[in-house]
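Asks: How does the following fold in three dimensions:
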Amino acid sequence: MQFIKPDINIDFIGKRRLAYGFSILLVLLTIATLIWHRGPRYGIDFVGGLVIQVKLDRAVELDSIQKTLADVGLSQATVQRFGQASDHEYLVRSDRAENHEDLARQFTERLHQATGATAEIQRVEMVGPQVGHDLQHKALLAIFFSILFMAIYISGRFEQRWMISGLIAVVLIGTVYLLSLFDVGITVLIVVALGVTLILFWVLKLRYAMGATVALIHDVIVTVGFFSLLDKEFSLPIIAALLTIIGYSVNDTIVIFDRIRENLRKNPRQSFAEIVNRSVNETLSRTVLTTGTSLVVVLALTILGGGIIHDFSLALLVGFISGVYSTVYVASPFLLSWQDKASRA
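Replies: Predicted coordinates for the structure are as follows:
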């Protein structure tokens, strides 16, 4: 199905410098929001604690709920409305995790005594601090290794350097392991490992792998920045969304890289800029159709899916849009910039 005319010729590559500026602005905004909020706001999955979701039969002021929490020993807990206003549902979050069932029961009883509202517990979740720390560690490693092995696959497929790609994977895994022995913070460890990854790709001239890696890092940063800007929590479902975004983004990147490789064989006399731009245009119909249908589903989940999966679907929505943008304006132009540098050298 051709949604867009096959002979369309939009000058995507001609706008690459403007896109570079926009991407840099997004990255700087992400860094600024993370500094402002003192890092991501982790959910109880990663820091440990207690979450109680209650449904009341009438509206109750948040101050009344907060006072009731203080009466049962949860003075540091936070309260927020959940779902639609007419649902009268509230989320209570606390860093206390012990005796969670007793605390939930005492809370609903005291709330009924203080306000007359009948509270029905919808869910109670508890994660210990050590478990939360381990989950945070493993989640960040999962993101790093997914980006790494995607890049290794692209390097082997498009540049036929499987042996070197395998050695890079071994070196990077060893780097992560050695850094972990020195009790390096997981965030610092991942940043260093990604830096080493990009340096190795640059030194070994694995341009396809590096272009894909930069695009994937861009998509993760944009999604993290969006959530940080809105001060939303990072939980295990959000990590699952980030991993999904990585897979979705690299799929688009591989399609365009494939077309670039084909056009290089068919038109060896054309300039590389023309080939990259032509390849993006030739795959534009597929990109629009694939992304459009995916966004319809994700948008429906975001609007109608309810509070439980809202943040997950919102992360997918932002990541899918960023993934298409980065494939066209980050990964593909990166190949061109590398080619221009090689030509000048």
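Asks: separation between the residue most central in space within the chain and Gly39?
Replies: Taking C-alpha atoms, centre = their mean, the centroid of the chain lies closest to Leu242, which sits 3.3 Å from it. Distance, Leu242 to Gly39, by C-beta to C-beta, to the nearest Å: 16 Å. Glycine gets a C-beta too; all of them are placed from N, C-alpha and C.
Asks: now swap in Trp162 and tell me
Replies: Per C-beta to C-beta, Trp162 is found 38 Å from Gly39.
Asks: got it, and Gly21?
Replies: Counting by C-beta to C-beta, the separation of Gly21 from Gly39 is 26 Å.
Asks: Repeat that for Leu230.
Replies: From Leu230 across to Gly39, the span is 15 Å (C-beta to C-beta).
Asks: Next, Ile121: secondary structure please.
Replies: strand (DSSP: H, G, I helix; E, B strand; the rest coil).
Asks: Skipping adjacent residues, who's closest to Leu204 in space?
Replies: Sequence neighbours aside, Ile164 is the residue nearest to Leu204 in space, at 6.0 Å (criterion: C-beta to C-beta, 6 or more residues apart in numbering).
Asks: Report the contact partners of the one you found.
Replies: Contacts for Ile164 (C-beta atoms under 8 Å, 6 or more residues apart in numbering) come out as Ser155, Leu204, Leu206.
Asks: I would like the residues contacting stretch 215-228, please.
Replies: 23, 26-27, 29-31, 33-34, 37, 40-41, 143, 147, 150-151, 194, 233-234, 238, 241-242, 245-246, 249-250, 253, 311, 315, 318-319, 322-323, 326-327, 330-331, 334.
Asks: got it, and stretch 31-46?
Replies: For stretch 31-46, the external contacting residues (C-beta under 8 Å, 6+ apart) are 50-51, 93, 125-127, 132-133, 135-136, 139, 224-225, 227-229, 231-236.
Asks: Asp252 versus the nearest residue to Asn267 once chain neighbours are set aside, what's the distance?
Replies: Nearest residue to Asn267, sequence neighbours excluded (C-beta to C-beta, 6+ apart): Ile275, at 6.3 Å. Distance of Ile275 to Asp252, given as C-beta to C-beta: 18 Å.
Asks: try Lys15
Replies: Distance, Lys15 to Asp252, using C-beta to C-beta: 18 Å.
Asks: If you count surrounding residues, which of these two has more?
Replies: Asp252 (23 against 14; other C-beta atoms under 10 Å).
Asks: contacting residues around the more buried one?
Replies: When contacts are counted by C-beta under 8 Å, 6+ apart, Asp252 touches Thr287, Thr290, Thr291, Gly323, Val324, Thr327.
Asks: in which helix or strand would I find the fifth one?
Replies: Under the criterion of DSSP states H and E, Val324 resides in helix 307-326.
Asks: Which elements pack onto that helix?
Replies: Counting contacts by 3 or more C-beta pairs under 8 Å, 6 or more residues apart in numbering; DSSP states H and E, helix 307-326 is packed against helix 207-229, helix 236-266, helix 284-304.
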